[in-house]
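Trainee: pasting a predicted model and its sequence here:
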Amino acid sequence: MLEALRRLLPGLWAGLLLTVALVATPAPFALLAQADAGRVVARILAHEAYASLALGVLLLGLERVRAKRSSDAGTGSQFSLEMVLA
């Protein structure tokens, strides 16, 4: 279960970022006045920032668990490349 979640989270995170960048951010500027669109986009980006922080911390925790298990099994260290990327 943890392994599947560890592999799924980066894809969901990237999908969130792409959706915000390509759909959610340009849409208000196409429909609203510039000042109103700016407020809407600021709110969207604020929510995206909190979601990214939560996903990053969760992903780092999952990587830490995997690295600890790998270290205990004698097949790796407690500090992994995946942990650096998270």
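Mentor: Received the coordinates, thanks.
Trainee: what number of residues lie near L22?
Mentor: For L22, the count of nearby residues is 10 (other C-beta atoms under 10 Å). Where C-beta positions appear, they are placed from N, C-alpha and C, glycine not excepted.
Trainee: which residues touch it?
Mentor: Counting by C-beta atoms under 8 Å, 6 or more residues apart in numbering, L22 makes contact with nothing.
Trainee: give me the distance between it and V41.
Mentor: As judged by C-beta to C-beta, to the nearest Å, L22 and V41 stand 13 Å apart.
Trainee: do the same with V20
Mentor: For V20, the distance to V41 - C-beta to C-beta - is 9 Å.
Trainee: may I have the secondary structure class of G76?
Mentor: Secondary structure, DSSP: H, G, I helix; E, B strand; the rest coil: G76 is coil.
Trainee: my guess is it meets A67, correct?
Mentor: Yes - between G76 and A67 a contact is recorded at 6.6 Å, counting by C-beta atoms under 8 Å.
Trainee: quick one: which of the two has more around it?
Mentor: Set G76 next to A67 and count neighbours by other C-beta under 10 Å: A67 wins out with 18 against 15.
Trainee: and that one, how close does it get to L18?
Mentor: The gap separating A67 from L18 is 28 Å, by C-beta to C-beta.
Trainee: for the longest helix along the chain, buried residues please.
Mentor: In the chain, taking DSSP state H as the definition, the longest helix is helix 34-72. Counting neighbours by 16 or more other C-beta atoms under 10 Å, one finds that the buried residues in helix 34-72 are 37, 40-41, 48, 55, 59, 62-64, 66-67.
Trainee: for this protein, which residue occupies the most central location?
Mentor: In the chain, the centroid-proximal residue (C-alpha atoms, centre = their mean) is W13; its distance is 3.6 Å.
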